[in-house]
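Participant: Build the 3D model from these lines:
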Amino acid sequence: MEGVVMTVADHRQSLRGKKVFVTGHTGFKGSWLLLLLDALGAKTTGYSLAPPTKPSLFLAAGLTDLVEMHHEADIRDPARLAAAVTRAEPDVILHLAAQPLVRLSHREPLDTFSTNVVGTASLLDAVRQAGKPCVVISVTSDKCYQPHADGRPHAETDPLGGRDPYSASKGAAELVVAAYRESFFSPARLADHGVQLATVRAGNVIGGGDWAEDRIVTDIVRQLAAGAAVPVRNPTAVRPWQHVLEPLTGYLTLAAAMLDNPSADWCTGWNFGPAADDDINVQQLTEIFIAAWGSGRWVDIHDPRAPIETHVLRLATTKALAGLSWRPRLSAREAIQRTAAWYKKFAAEPAAARGLCLADIAAYETANRIHTPGTRA
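Facilitator: Down below sits the predicted model:
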């Protein structure tokens, strides 16, 4: 599908009035997605557990009014989920519900596998039972891949795997999607069933309103607000940091393309990450954030006995660049600075949460796309 160019205007035209079913809508990424879908004129149904953190962006920004139907339920309740999907009659399903934390997966591995693997299967079986043509995009993770020893960027064709319960659960979720796609939603028989099924793998997202435990930005904000030093577990670890709006725009670009030009070509895995030359490690992220905050310091608390985490993780985004003309708009530095500014303003005026998000969305829409080496800007 090379050569397709999707713009903000195309999103509005493609998604306006469409029924969109979002799992995990009360979470950090889900809350930002609700704001984007509302701006695009979509009619959204949300299915999720209660907001997972206190505070939460979903509640702080008062986002309940952005969903036409709000289901507070477990993704692993197949009967209730199937009934919700059937009732919603969605044109698009965006599956974000998950246990998203690496360190928590070490403490609760069974729950992690249950939520991320069985939960994904429950959703896809609900789609199978509904029997309605629709676009389904299942969000997994950049950690779904078997780690590269040399740290080279992961392409969509790389082997799946993982060295910790979280990563393995995301690789397994990819296998579940592949099994349902081949068994029930074959791209070769798209005309028969009308279900386009894809997976998306994002980088490490940051942005205002994330208060999940063991997240670097959350740790930084809490410590800086308390006037304490920021503890950093793995200062040299490299991650594909990106503002939350980057992958969400990628998901919506893919959804719009699938709606406008149904094709088996979309029904694969897609990476959405930062520019190839935009590598920074945890120490650099922390120092950029502290500088944007205006004060503070950090301390290295690396523990070699801690649970294993991939040291270097990068994503290749050539496929999204070529097939969707999607590319990041913000550098990692800009993403970190915007995130710090969001939290600083929220601390001064908590009631402004929604306005802060909308301001970031407006600024993002007018931001220049980053040139990625090897592609045309």
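Participant: Every contact and neighbour count from this point should use C-alpha atoms.
Facilitator: Noted.
Participant: which one's the longest strand in the protein?
Facilitator: In the chain, assigned by DSSP state E, the strand with the most residues is strand 195-202.
Participant: Which elements pack onto the next helix or strand after that one?
Facilitator: Sequence-wise, the next helix or strand downstream of strand 195-202 (DSSP states H and E) is strand 204-206. The contact analysis (3 or more Cα pairs under 8 Å, 6 or more residues apart in numbering; DSSP states H and E) places strand 204-206 against strand 241-243, helix 332-348.
Participant: got those as a markdown table, with distance to residue 354 columns?
Facilitator: Below are the helices and strands packed on strand 204-206 laid out as a markdown table (distance: least, Cα to Cα, whole Å):
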| stretch | distance to residue 354 |
| --- | --- |
| strand 241-243 | 17 |
| helix 332-348 | 10 |
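Participant: Can you tell me which of these is most buried?
Facilitator: Across the helices and strands packed on strand 204-206, the average number of neighbours (mean count of other Cα atoms under 10 Å) peaks for strand 241-243, which reaches a mean of 27.
Participant: Quick one: name whatever helix or strand follows that strand.
Facilitator: Using DSSP H and E, the first helix or strand after strand 241-243 is helix 245-260.
Participant: Tell me which strands the helix or strand just after that following helix pairs with, and in which orientation.
Facilitator: Counting by DSSP H and E, the element after helix 245-260 in chain order, helix or strand, is strand 269-272. Applying DSSP bridges, strand 269-272 is found paired with strand 195-202 (parallel).
Participant: how close does residue 119 get to residue 29?
Facilitator: For residue 119, the distance to residue 29 equals 18 Å [Cα to Cα, to the nearest Å].
Participant: Kindly report the same for residue 182.
Facilitator: 29 Å.
Participant: Name the residue in these two with the higher neighbour count.
Facilitator: residue 29 (23 against 12; other Cα atoms under 10 Å).
Participant: before we move on, which element is the nearest residue to residue 144 once chain neighbours are set aside in?
Facilitator: Closest residue in space to residue 144, ignoring its immediate chain neighbours: residue 171 at 4.2 Å, by Cα to Cα, 6 or more residues apart in numbering. Here residue 171 sits within helix 165-183, counting by DSSP H and E.
Participant: which of the residues in that helix are buried?
Facilitator: Neighbour-count burial for helix 165-183 flags 165-174, 176-178, 180-181 (criterion: 16 or more other Cα atoms under 10 Å).
Participant: So which of these is the closest to residue 109?
Facilitator: Distance to residue 109, by Cα to Cα, is smallest for residue 165 among those, at 5.7 Å.
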